[in-house]
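one predicted model, sequence on top.
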Amino acid sequence: MKIQDAILIAAFAVAVFMAATVQSIYALPSPIVFQRSIPFSVFNTTSATIYTADKPISPPFEIDIVNQLTYEATGTKAAVVKFQDATSGPMNALEIKVYNNKAIDILWTDKTTGSSTKIGGMTSEDLQAFPKEIIVENQGSSLDIKLMDGTSIIDSFVLPSNFKIVAVSGYGNEAGVATDGFVTVYVGGLSPTKMVSVSVNVMVPLLTAIVTIGIVFTLFSKLKKKI
């Protein structure tokens, strides 16, 4: 085996490790009970497009929002995804706004008062990159919202115990928010052991890659001695 071949094998092992790790990081709810890809055109109007769940989704549940929109560069544009316990009339609702400058606003609408209050978010300065995936974990009495890398946006916000997802809606904060792409929403089960499972899944490819690279470089060292 040539030294160049050994180097190529090592590079391939690293690529396999990275692909396996990324796949594990993008862990989705299980089982998925609601999935919808919302096209960019929905966010180009302030009128909400409503997508109704097959049946009310009770906690505990997890929401994954994967944003693959191409935003209009000018102005302050936001794509809004709203999780609501009714399709019309008074409702409790959680709104997540993601802006073209990377900022995030989280709002809660109270069914009793009818008022919407900002309960958290992140400024564009807080974020190094566009937040392509936002995760909401509803334990039943409180929820946590974070980025894919684990960065916390909201921690233990207290919810009404009867909050269920009946529908998901999408709209823009103004006309002409996006030019292409879509937002995919997943809602499903939240297992108490999920985070442990994800950690194990990440470690398996890591250990495999370490062993593989170790074997390759041992072979590489032996080849060098023969030269």
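Yep, it's here.

OK, contacts around the residue sitting nearest the centre point of the chain?
Most central in the chain under Cα atoms, centre = their mean is residue 133, positioned 2.8 Å from the mean C-alpha point. By Cβ atoms under 8 Å, 6 or more residues apart in numbering, residue 133 lies in contact with 26, 64-67, 147-148. C-beta here means a position set from N, CA and C on the backbone, and glycine is covered the same way.

how about 7 Å then?
Residues near residue 133 by Cβ atoms under 7 Å, 6 or more residues apart in numbering: 64-66, 147-148.

same thing with residue 40?
Per Cβ under 7 Å, 6+ apart, neighbours of residue 40: 69, 178-182.

again, only this time at 8 Å
Residues in contact with residue 40 (Cβ under 8 Å, 6+ apart) are 69-70, 177-182.

so who does the nearest residue to it once chain neighbours are set aside touch?
Closest residue in space to residue 40, ignoring its immediate chain neighbours: residue 178 at 3.9 Å, by Cβ to Cβ, 6 or more residues apart in numbering. Contacts for residue 178 (Cβ under 8 Å, 6+ apart) come out as 40, 43-44, 69-72, 77, 79, 172.

number of nearby residues for residue 188?
Applying other Cβ atoms under 10 Å, we find 18 residues neighbouring residue 188.

my guess is it contacts residue 58. True?
No. Here residue 188 does not reach residue 58: they are 12.0 Å apart, not a contact under Cβ atoms under 8 Å.

where does the protein dip in pLDDT?
Within the chain, the ranges that satisfy pLDDT under 70 run 1-26, 191-227.

in which helix or strand would I find residue 137?
Residue 137 is part of strand 133-138, with elements assigned from DSSP states H and E.

so what strands line up beside that strand?
Strand 133-138 pairs in its sheet with strand 61-67 (antiparallel), strand 142-147 (antiparallel), by DSSP bridges.

among the contacts of residue 178, which two are most distant?
The distance between the two most remote of those (Cβ to Cβ) is 13.5 Å, for 70 and 172.

out of these two, which sits in the more crowded spot?
The residue with more neighbours, out of residue 70 and residue 172, is residue 172; 23 against 12, by other Cβ under 10 Å.

now the residue nearest to that one when sequence neighbours are not counted: how far from residue 71?
In this structure, residue 172 finds its nearest non-sequential neighbour in residue 43, 4.2 Å apart by Cβ to Cβ, 6+ apart. Separation of residue 43 from residue 71 (Cβ to Cβ, to the nearest Å): 9 Å.

which residues do those two both contact?
By the contact definition Cβ under 8 Å, 6+ apart, residue 43 and residue 71 are jointly contacted by 79, 177-178.

buried residues, stretch 125-142. List them.
By neighbour count on 16 or more other Cβ atoms under 10 Å, the buried set for stretch 125-142 is 131, 133-138.
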